[in-house]
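A.B. asks: for reference, the sequence and a predicted model appear below.
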Amino acid sequence: MRISFIGLGSMGLPMARNLLDAGHELTVYNRTRNRADELGQVGLRVAASPREAAQSADLLITMLSDDTAVESVMFGDQGALGGLKPDTIHASMSTISHLLSRRLADEHRSRSQRYVAAPVFGRPEAAAGAKLWIIAAGEAETIERCRPVFGLIGQGVEVVGDDPAMANVVKLAGNFLLASAIEAMGETFTLVQKYGIEPSRFLEILNGRLFRSPIYENYGKLIAERRWEPAGFKLRHGLKDVRLALSAAEEVTTPLPLASLIRDHYLSAMARGWGESDWAALTRVLEENAGAAAETGA
Ligand code: NAP
């Protein structure tokens with residue numbers, strides 16, 4: 001299977017590297033071309049446009065920041081949509097809106113191309129270790145064709161049906177839950193710190209006795225150690241995902257009051273210039289609200 005990969009950011013780069021390491025020949029495209037230099041040369045071809053990348057692909061994978069990035073890469077004269085041949089597959093792995101996913105499904109169908117929405121859970125370390133969890137939706141047969149390749153980048157595939165947009169809804173709902181855990185941990189760590197309780201001791205109690213899970217463990221550690229740089233998942237992308245969850249919820253008249261609150265906290269963080277920090281840096285807003293920033297050395 002000839003694979004083309006578009007988007008060599010924090011996630012895309014290690015994912016593409018895993019495909020190359022598995023012996024696949026890979027065509028890549030990235031807006032900032034020199035990102036491809038980090039992949040080395042063996043088996044690598046760098047395309048000059050998304051369209052050129054798509055022309056040689058049996059499977060095109062996109063891993064881009066947001067809806068705007070996916071639109072700019074897929075549509076237009078040099079867009080990948082015009083390059084893909086009939087019956088070839090686009091697996092869209094970015095976290096994008098369910099609405100754009102629907103549009104992509106329609107556009108691909110009208111060109112007899114195949115489309116799978118396959119957003120992922122897991123940070124860049126998980127991408128590097130091929131430990132992502134892939135949430136896939138689309139035609140069962142198309143997902144089966146992708147499975148061997150998904151097996152090189154993830155530890156499992158959860159299929160949620162044949163309507164691609166449902167994979168995006170599951171991903172957005174999951175990220176809202178993650179953001180809620182960060183909000184709750186940020187608030188509680190700020191509280192205990194104001195009483196002088198050692199964050200690492202508090203984390204030990206949480207993980208050891210009550211909440212043991214990869215999320216509490218990993219994000220709890222980031223928050224306890226106040227480690228916001230380098231960002232695994234950028235705060236500005238976190239804001240994007242909470243907004244997308246709110247918009248998906250609005251379509252089905254479902255209030256998400258907690259998401260509205262978290263959106264505002266992320267906006268406060270953006271206003272302070274923290275968009276490139278890890279999204280766990282939401283905690284800094286909560287610390288400032290509690291007048292705790294000076295005590296914690298922020
Ligand atoms: P990132 O490091 O910010 O990389 C973004 C990628 O998108 C880069 O390749 C960038 O190209 C490209 N891009 C941005 N705007 C573009 C535009 N207008 N036109 C063309 N290309 C554009 O993001 P990431 O952390 O890899 O995340 C990628 C996707 O995975 C996002 O949807 C994110 O929500 C999702 N995700 C991330 C994580 C995580 O922990 N990081 C986990 C799960 C899912 P340049 O190099 O030219 O800027």
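C.D. replies: Yep, it's here. Just so you know, these numbers come straight off a predicted model, no measurement behind them. Numbers count the residues shown, from 1 in each chain.
A.B. asks: Arg45 sits in which helix or strand?
C.D. replies: strand 44-46 (DSSP states H and E).
A.B. asks: and that strand, how far from the chain's centre?
C.D. replies: 24 Å (Cα atoms, centre = their mean, to the nearest Å).
A.B. asks: stretch 177-194 too?
C.D. replies: 22 Å.
A.B. asks: the strand holding Arg45 pairs with which strands, and in what direction?
C.D. replies: strand 26-29 (parallel) (DSSP bridges).
A.B. asks: the partner strand near the ligand at all?
C.D. replies: No: using Cβ under 6 Å from any ligand atom, strand 26-29 never reaches the ligand; the gap is at least 8.9 Å. Quick note: C-beta positions are derived from backbone N, CA and C, even for glycine.
A.B. asks: quick check: closest non-adjacent residue to the most centrally placed residue in the chain.
C.D. replies: Against the mean C-alpha coordinate of the chain, by Cα atoms, centre = their mean, the closest residue is Thr95 at 5.0 Å. In space, Thr95 comes closest to Pro119 once its chain neighbours are excluded; the distance is 5.2 Å by Cβ to Cβ, 6 or more residues apart in numbering.
A.B. asks: contacts only, for that neighbour.
C.D. replies: Ser92, Met93, Ser94, Thr95, Ile96, Ile134, Ile135, Ala167, Asn168, Lys171 (Cβ atoms under 8 Å, 6 or more residues apart in numbering).
A.B. asks: ditto for Arg243
C.D. replies: Taking Cβ under 8 Å, 6+ apart as the criterion, Arg243 is in contact with Arg263.
A.B. asks: please report how far it lies from the ligand.
C.D. replies: 12 Å (Cβ to the nearest ligand atom, to the nearest Å).
A.B. asks: could you confirm that residue falls within a helix?
C.D. replies: Yes: under DSSP: H, G, I helix; E, B strand; the rest coil, Arg243 sits within a helix.
A.B. asks: phi first, then psi, for the residue nearest to Thr95.
C.D. replies: Phi and psi for Pro119, reported as degrees, to the nearest 10, are phi -60, psi 160.
A.B. asks: if we can go back for a sec, how close does the residue nearest to the centre of the chain get to Asp106?
C.D. replies: Distance of Thr95 to Asp106, computed by Cβ to Cβ, to the nearest Å: 20 Å.
A.B. asks: secondary structure element for Glu217?
C.D. replies: Assigned by DSSP H and E, Glu217 falls within helix 214-224.
A.B. asks: for that helix, buried residues please.
C.D. replies: Under the neighbour-count criterion of 16 or more other Cβ atoms under 10 Å, helix 214-224 has Tyr216, Tyr219, Gly220, Leu222, Ile223, Ala224 buried.
A.B. asks: counting by contacts, list what it packs against.
C.D. replies: Here helix 214-224 touches helix 165-194, helix 199-205, going by 3 or more Cβ pairs under 8 Å, 6 or more residues apart in numbering; DSSP states H and E.
A.B. asks: so which of the ones you listed is nearest Gly275?
C.D. replies: helix 165-194 (14.9 Å; Cβ to Cβ).
A.B. asks: can you pull the contacts of the closest residue to Val42 other than its chain neighbours?
C.D. replies: If the residues on either side of it in the chain are set aside, Val42 comes closest to Leu20, at 6.9 Å by Cβ to Cβ, 6+ apart. Residues in contact with Leu20 (Cβ under 8 Å, 6+ apart) are Leu26, Leu39, Gly40, Val42, Gly43, Leu44.
A.B. asks: show the end-to-end separation of stretch 17-27, please.
C.D. replies: This stretch, stretch 17-27, spans 12 Å end to end (Cα to Cα, to the nearest Å).
A.B. asks: pLDDT score for the residue nearest to Thr95?
C.D. replies: We have a pLDDT of 98 for Pro119.
A.B. asks: please report how far the closest residue in space to Glu139 that isn't next to it in sequence lies from the ligand.
C.D. replies: For Glu139, ignoring the flanking residues on the chain, the nearest one in space by Cβ to Cβ, 6+ apart is Asp162 at 5.9 Å. From Asp162 over to the ligand the distance is 23 Å, taken as Cβ to the nearest ligand atom.
A.B. asks: quick one: classify Asp162 as helix, strand or coil.
C.D. replies: Under the three-state scheme (three-state DSSP), Asp162 adopts coil.
A.B. asks: list the contacts of it.
C.D. replies: By Cβ under 8 Å, 6+ apart, the contact set of Asp162 is Ala137, Gly138, Glu139, Ala140.
A.B. asks: the ligand contacts on the stretch 51-200 of the chain?
C.D. replies: Applying Cβ under 6 Å from any ligand atom, we find that the stretch 51-200 of the chain lies next to the ligand at 63-66, 68-69, 72-73, 94-95, 120, 123-124.
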